[in-house]
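A.B. asks: Sequence and predicted structure below; questions after.
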Amino acid sequence: MKLKKAFQYQLVSGSKLLGWTVLWIIAAIIIVPIITTALVGRVNSLSVNDFLPAGLLEFSLNVFLIFYSAVTYDGFQNMIQNGIGRKTYFYSKTLVIGLLALVGSLVSVGYNLLVSPFSPVEREGAFSLETMYYHFFSNSFMNHFMPFVLLVLLTICIAATFMFIGSILGLFERRTQIALIMGVPIVSLIAFMVLASANEGVSLKLTWIVQALMWIAGETGNATAGALNPFQPLISGIVYSIIMFAGAYFFNLKLKTPR
Amino acid sequence: MTEVSLNQITKKFGKQTVLNDISLQLKPDTIYGLLGRNGAGKSTLLNILTNRIPASSGSVLIDGQTNINNDRVLGKIYLMSEANLYPNRAKVFQIFRQTAHFYSGFDFELAHQLASKFGLNENLRFSKLSTGYRSILKDIIALSVDAELILLDEPTLGLDANHRELFYRELVETYAQRPRTFVISTHLIEEIAGMIENVLLIRDGKLLLDDTAENLLAQSYSVTGPEKEVQEYTAGLNVIGHDNLGKLRSDYVFGQLDEERVLPDTVTVEGIDLQKLFINLTGQTDKEGQL
């Protein structure tokens, strides 16, 4: 297995793509609004936060991972042209996603800490997940570390979901892909509306779905905000990503060119 | 030396059987011509060999190992095909570099030389290349890569006559310097006839012939003369086709002639070229002779 070579190649191309994503988002979120503000003559109204918005890197990382994880077929074509099989392609891509999610989260937490003094919104911690699990442990390090682990896991869950979707879409022709991308959300929305109208009068809060989501978030029945149980989202996230990655692996093995 | 064997390969697309029970072994350091009409299954066979698509049944073994998701085995093969699998945004020199990353013995010097000879701008993006130059890029990689088995599926697609000649010349030269197995699938049989050592002929998804070009041509004849005499002479022989020109007739015979028969003075027997043999073998009806 040429895992090292495939990993190196994908890491370089993935990092370049991440860099371009950050640059484009900086252009869209920072540069264009600043130029627009300057053009209308309101430069004095700009603050440091306009130049260094909190969550910039976190947002960029997630946009990148959604796109990078979902684009399965082009990578597969390039790999098989170069004598790399589906298994190696899947493993190397998963490793790159994991590594970039970890490093990217570390950098974005560092960035958020750096810009937090300029942020108009007062935060309890360096990133929003800390507000949910800040008091669970008696140990201060764990109270900071566990939310970070959950942040990385959340990022990986997002990536795994889109990798799963991308692997399924990779099996179909471009036209079918577009039909699926457009059709599935519309059908789901209609199904949801039909279900909602059928259950009119029943509060959504009482359904098992909400209860399950609350449990996943760490709700234990008597926990208050900041003291939710982080092990519940940790276990749920791990199980969810394993299922998504396993599904993506299954569909990856079915990729072929031409389709 | 790499041993390649295909064992009872069958490929079906829905109800259509594209390849039917194909078994063959590729000899090392040999140039093969993979011949067949459009839709015969040539590209499908090459795609199965490189694990781009799975076979419905059967196996491909390279040095005794399966090719399915096996990097060690797939790294010994390079398939130049019409399909464009390289990233559109990559520049030519970047594609050379990435190929060298995966095929460690990639000959950069040769690749640069060939790019220069073909007039391929290495700074152009893949998406900006014409059909002909995309073929040229893939041909250059095929000749420069260190794989043991080079599969060329329509390698001269979109190339003008000058570039086609240059490509064949470079192919023979690199083969002479470093022999390995080439499988060339093309419709331009006349152009490759002089270089192929072994012929694989596919018809209707079945492997019809697997023999040396020399053997095949040694048993291929055209019998020409007045229609009546020709038909009398070829009666009972394996006639695979015929042409008529006025009252003259040429019967194409594949197989041994009957040496006991007396050849009339008005009838001549000559050898035929590979293209003529191919046309008559793949164009014949079931009634008109068999292999």
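C.D. replies: All right, it came through fine.
A.B. asks: Pull the number of nearby residues for A:Gln211.
C.D. replies: 12 (other CB atoms under 10 Å in any protein chain shown). Bear in mind the C-beta positions are built from the backbone N, C-alpha and C, glycine included.
A.B. asks: in what helix or strand does it lie?
C.D. replies: According to DSSP states H and E, A:Gln211 maps onto helix A:208-217.
A.B. asks: Could I get the average pLDDT for that helix?
C.D. replies: Averaged across helix A:208-217, pLDDT comes to 83.
A.B. asks: in that helix, what's buried?
C.D. replies: Within helix A:208-217, the residues that count as buried by 16 or more other CB atoms under 10 Å in any protein chain shown are A:215, A:217.
A.B. asks: where does B:Asn20 land on pLDDT?
C.D. replies: Note on B:Asn20: pLDDT of 94.
A.B. asks: Show me what from the stretch 1-150 of chain B comes close to chain A.
C.D. replies: Within the stretch 1-150 of chain B, the positions adjacent to chain A are B:47, B:50-54, B:68-72, B:74-79, B:83, B:85-87, B:98-99, B:101-103, B:147 by CB under 8 Å from any CB of the partner chain.
A.B. asks: Got a ChimeraX select line for the buried ones in the residues you listed?
C.D. replies: Filtering the residues of the stretch 1-150 of chain B next to chain A down to the buried ones (16+ other CB under 10 Å) takes a single ChimeraX command:
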select /B:47,50,51,52,53,68,69,70,71,74,75,76,77,78,79,83,85,86,87,98,99,101,102,103,147
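A.B. asks: out of the residues of the stretch 1-150 of chain B next to chain A, which are inside helices?
C.D. replies: Among the residues of the stretch 1-150 of chain B next to chain A, the ones falling in helices (DSSP state H) are B:47, B:71-72, B:74, B:98-99, B:101-102.
A.B. asks: So which elements touch the helix holding A:Gln211?
C.D. replies: helix A:231-252 (3 or more CB pairs under 8 Å, 6 or more residues apart in numbering or on different chains; DSSP states H and E).
A.B. asks: which parts of the helix it packs on are buried?
C.D. replies: Within helix A:231-252, the residues scored as buried using 16+ other CB under 10 Å are A:232-234, A:236-237, A:240-241, A:244-245, A:247-249, A:251-252.
A.B. asks: Also stretch B:251-266?
C.D. replies: Applying 16+ other CB under 10 Å to stretch B:251-266 flags B:251-254, B:257 as buried.
A.B. asks: next one: stretch B:174-194
C.D. replies: Result for stretch B:174-194 [16+ other CB under 10 Å]: buried residues B:174-175, B:180-189, B:191-193.
A.B. asks: for stretch B:54-73, same thing?
C.D. replies: Buried, per 16+ other CB under 10 Å, within stretch B:54-73: B:55, B:58, B:60, B:62, B:67-71, B:73.
A.B. asks: could I have that stretch exported to CSV, CA atoms only?
C.D. replies: C-alpha atoms of stretch B:54-73 as CSV (Å, rounded to 0.1, in the frame of the first residue of the first chain):
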residue,chain,number,x,y,z
PRO,B,54,-14.6,-4.2,-11.8
ALA,B,55,-15.1,-7.3,-13.9
SER,B,56,-18.4,-9.1,-13.5
SER,B,57,-16.5,-12.3,-13.0
GLY,B,58,-13.0,-13.6,-13.5
SER,B,59,-9.7,-12.2,-12.2
VAL,B,60,-6.6,-10.3,-13.2
LEU,B,61,-3.4,-11.5,-11.7
ILE,B,62,-0.2,-9.5,-12.0
ASP,B,63,2.9,-11.4,-10.7
GLY,B,64,0.4,-13.7,-9.0
GLN,B,65,-1.4,-11.0,-7.1
THR,B,66,-4.9,-9.6,-7.7
ASN,B,67,-5.1,-6.1,-9.1
ILE,B,68,-8.1,-5.1,-7.1
ASN,B,69,-7.2,-2.0,-5.0
ASN,B,70,-3.6,-3.4,-4.9
ASP,B,71,-1.2,-0.4,-5.2
ARG,B,72,1.8,-2.6,-5.6
VAL,B,73,0.3,-4.2,-8.7
